[in-house]
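Asks: Next come a sequence and a model predicted from it.
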Amino acid sequence: MHLLALSDLHVADRTNREAIEQISDHHDDWLILAGDVGETEEHLAWTFETLRRKFSRLLWVPGNHELWTTPRAPELRGESKYRRLVDVCRAYDVSSPEDPYPVWEPRHSSTAAPSAPPPGEPGAARAEDGAPAGPCVIAPLFALYDYSFRPEHVTREAALDWAKEHELVCADEFLLDPHPYPTRDAWCAARCAATEERLTAVDSALPTVLVNHFPLRAEHAWLPAIPRFSIWCGTRRTHDWHRRFRARVVVSGHLHVRTTRWLDGVRFEEVSLGYSRQWSQERGAESYLRTIF
């Protein structure tokens, strides 16, 4: 029995769709889908239909792509788009950030190491960190971003211009409508407040796995080729969540840079598949399933 994770499936890409279809059966395993499955309700439903029969349980968190307003459904924007996707989750019995956090009950204590990334990928597993001996809460989160992953000398008002100096503009600026909130910053603040309240209510005796599409810490939102893209990658409001909420592992995606990092004794896993040019089709999507426990 394994807890596995994958993000950034981007099933609008035909190559990615075919690779997802070829993932083998994992009937005893749980799979975390850490955001950016696709852009539409149909993309999400197709993915759940394809993977729900291959895994014992699916868990999903939204990425920015899922929240985009598309020409096919212009009435779905912001919170209404998100709530529609939560309805799709419930139709397929998939856990979302709006559901009670499931508890992972390991069948037996294990000292098996988390899986290392595929050959040639960055990151490394550490052998002494295996499955928890007892129950562990898996917490799917929806914490957005607020442009705070920027240098201290750059103000919020100047953040977009700072990115544009390197010819960077995220598609979210045109496609991710925060309605009914006035800004994405405001939506992020509301989501973080609601999420902190829920996490605080979790039994303090239980460790957690925190799952969010965006990295929880600014130093983990590092893209060497486009470093100023960081402003669309998270919020400093989540910087201490791994400590405050007893995380054993933090799972994220978004960066399309697969890594394993350690901080304060907590393992941070970036679990992206990415666009078809960013992964090895010879290995197949199966090899990119990251073992969390």
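Replies: Cool, the structure landed. Residues are numbered from 1 along each chain as shown.

Asks: Check for me that residue 138 belongs to a strand.
Replies: Yes. Remark: residue 138 belongs to a strand, assigned using DSSP: H, G, I helix; E, B strand; the rest coil.

Asks: hmm, who's touching the strand ranked longest in the chain?
Replies: Scanning the chain for the strand with the most residues, using DSSP state E, yields strand 26-33. Under the contact criterion C-beta atoms under 8 Å, 6 or more residues apart in numbering, strand 26-33 has outside partners 1-7, 9, 47, 51, 54-61, 94, 104, 138, 140, 211, 251, 271, 289, 292. Glycine gets a C-beta too; all of them are placed from N, C-alpha and C.

Asks: rerun at 6 Å
Replies: Strand 26-33 has contacts (C-beta atoms under 6 Å, 6 or more residues apart in numbering) with 1-5, 54-60, 211, 251.

Asks: Which of these sits closest to residue 266?
Replies: Proximity of the contacts of strand 26-33 to residue 266 (C-beta to C-beta) peaks at residue 251, which lies at 11.2 Å.

Asks: can you give me phi and psi for that closest one?
Replies: Its backbone dihedrals place residue 251 at phi -110, psi 130, with angles given as degrees, to the nearest 10.

Asks: Over to residue 50?
Replies: Listed backbone geometry of residue 50 is phi -70, psi -40, with angles given as degrees, to the nearest 10.

Asks: so who does it touch?
Replies: Residue 50 makes contact with 20, 21 under the criterion C-beta under 6 Å, 6+ apart.

Asks: do the one 4 residues further on as well
Replies: Residues in contact with residue 54, defined by C-beta under 6 Å, 6+ apart, are 25, 26.

Asks: For it, give its distance to residue 12.
Replies: In this view, residue 54 and residue 12 are 21 Å apart by C-beta to C-beta, to the nearest Å.

Asks: Residue 64 now?
Replies: When C-beta to C-beta is applied, the distance between residue 64 and residue 12 equals 14 Å.

Asks: sorry, back to before: buried members of the contacts of strand 26-33 into ChimeraX, please.
Replies: Under the burial definition 16 or more other C-beta atoms under 10 Å, those of these that qualify are selected in ChimeraX by:
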select :1,2,3,4,5,54,55,57,58,59,60,211,251
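
Asks: ok, of the contacts of strand 26-33, which one's closest to residue 230?
Replies: The shortest gap between residue 230 and any of those belongs to residue 251, at 19.1 Å (C-beta to C-beta).

Asks: which residues does that closest one bridge with?
Replies: With beta bridges defined as DSSP bridges, residue 251 has these partners: residue 211, residue 269.

Asks: Tell me how far it lies from residue 223.
Replies: Note on residue 251: its distance to residue 223, by C-beta to C-beta, is 18 Å.

Asks: same deal with residue 249?
Replies: The span separating residue 249 from residue 223 equals 22 Å under the rule C-beta to C-beta.

Asks: more neighbours, the two?
Replies: Set residue 249 next to residue 223 and count neighbours by other C-beta atoms under 10 Å: residue 249 wins out with 25 against 14.
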